[in-house]
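S.K.: give me a model of this one.
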Amino acid sequence: MTSQTYSGFANAEDAANEVDSLRFVMSQMINGMATAALVKVVAVDPGAETVDVHPMVRQIDGAGMGVDHGTIHGMPYFVHRAGTAAVLVKPQLGDIGVAVFCHSDISVVKETRMPANPATRRRFDWADGLYMGGFIGETPTTLVEVDDLNGVTITVPADKHITLNGNVQHNGDWVTTGTITGQTDVVAAGISGKSHKHGGITRGTGTSDAPA
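M.R.: Take a look at the predicted model:
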């Protein structure tokens, strides 16, 4: 039978005996479980740290025809956290990533952030998903690379900046292809770049030479 004429998921063998019938029913129940899926981000709420996503792989009906999934709303996205420290990369519209789906209803825990009983008896449901970040994406132009050959490399396009909020302590040699700007001051070996003085000059109206 071709997919154009096939009108159901069961075939003659599935009704041959009780064992095959039970196997078919169990298979259909398993097929209804949400486990993990590739999804596309269609909306982002940075304040709530959630995304709306659309599953990428279509459902198939009994005739073999594709049926689009609906949009899954309010899915928490992954932020690498340890206490109040975090590495935050906000999802962007159009990102493709993996969503995983929990064993039980997580709606109460999402709301209260405390241990709680599940609000319903649903299992492996599309409503209980977590977005785990990007896969199959475009080549990044803003990135942090970490490897044991070159160490840590931070790259941003020419029209963007690396912004550091807070005090910076550096031990070692600076290697940069850009400009380092300190809004308050830049201190090197205890010498202020903003208020340092030069010795060996006669006070007057002139200026000293450029740094040697």
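
S.K.: could you list the domains of the chain?
M.R.: Residue ranges for the domains of the chain, per automatic domain parsing: 1-31, 32-192.

S.K.: least reliable of the ones you listed by average pLDDT, please.
M.R.: Comparing those by mean pLDDT, the weakest confidence falls on domain 1-31, with a mean of 67.

S.K.: could you dump the domains of the chain to CSV with mean neighbour count and distance to residue 201?
M.R.: Quick note: C-beta positions are derived from backbone N, CA and C, even for glycine. Putting the domains of the chain into CSV (neighbours: other Cβ atoms under 10 Å; distance: least, Cβ to Cβ, whole Å) gives the following:
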stretch, mean neighbour count, distance to residue 201
domain 1-31, 11, 83
domain 32-192, 12, 17
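
S.K.: and the ones you listed as TSV, adding distance to residue 208?
M.R.: As requested, those are exported to TSV (distance: least, Cβ to Cβ, whole Å):
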stretch	distance to residue 208
domain 1-31	79
domain 32-192	15
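
S.K.: enumerate the beta-bridge partners assigned to the closest residue to residue 58 other than its chain neighbours.
M.R.: Nearest non-adjacent residue to residue 58, counting by Cβ to Cβ, 6 or more residues apart in numbering: residue 66, 3.9 Å away. Taking DSSP bridges, one finds residue 60 as the beta-bridge partners of residue 66.

S.K.: ok, now residue 40?
M.R.: Legend: beta-bridge partners of residue 40 under DSSP bridges are residue 54, residue 96.

S.K.: chain center to the longest helix belonging to the chain, what's the gap?
M.R.: Among the elements of type helix in the chain, defined by DSSP state H, the one spanning the most residues is helix 18-31. Mean C-alpha position of helix 18-31 versus that of the full chain (Cα atoms, centre = their mean, to the nearest Å) differs by 37 Å.

S.K.: what does stretch 157-170 give?
M.R.: Here stretch 157-170 is found 22 Å from its chain centre; the criterion is Cα atoms, centre = their mean.

S.K.: start the count at 116 instead of 1 going forward.
M.R.: Taking 116 as the first residue, the last one we looked at is stretch 272-285.

S.K.: quick revisit: packing partners of the longest helix of the chain?
M.R.: Here helix 133-146 touches no other helix or strand, going by 3 or more Cβ pairs under 8 Å, 6 or more residues apart in numbering; DSSP states H and E.

S.K.: now that helix - C-alpha only, PDB.
M.R.: These are the backbone C-alpha positions of helix 133-146, laid out as PDB (Å, rounded to 0.1, in the frame of the first residue of the first chain):
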ATOM      1  CA  GLU A 133      -4.200 -10.300  21.400                       C
ATOM      2  CA  VAL A 134      -0.400  -9.900  21.700                       C
ATOM      3  CA  ASP A 135       0.000  -8.000  18.500                       C
ATOM      4  CA  SER A 136      -3.000  -5.800  19.300                       C
ATOM      5  CA  LEU A 137      -1.600  -5.000  22.700                       C
ATOM      6  CA  ARG A 138       1.800  -4.300  21.200                       C
ATOM      7  CA  PHE A 139       0.100  -1.800  18.700                       C
ATOM      8  CA  VAL A 140      -1.700   0.000  21.500                       C
ATOM      9  CA  MET A 141       1.500   0.300  23.600                       C
ATOM     10  CA  SER A 142       3.400   1.600  20.600                       C
ATOM     11  CA  GLN A 143       0.800   4.300  20.000                       C
ATOM     12  CA  MET A 144       0.900   5.300  23.700                       C
ATOM     13  CA  ILE A 145       4.700   5.500  23.500                       C
ATOM     14  CA  ASN A 146       4.500   7.600  20.400                       C
END
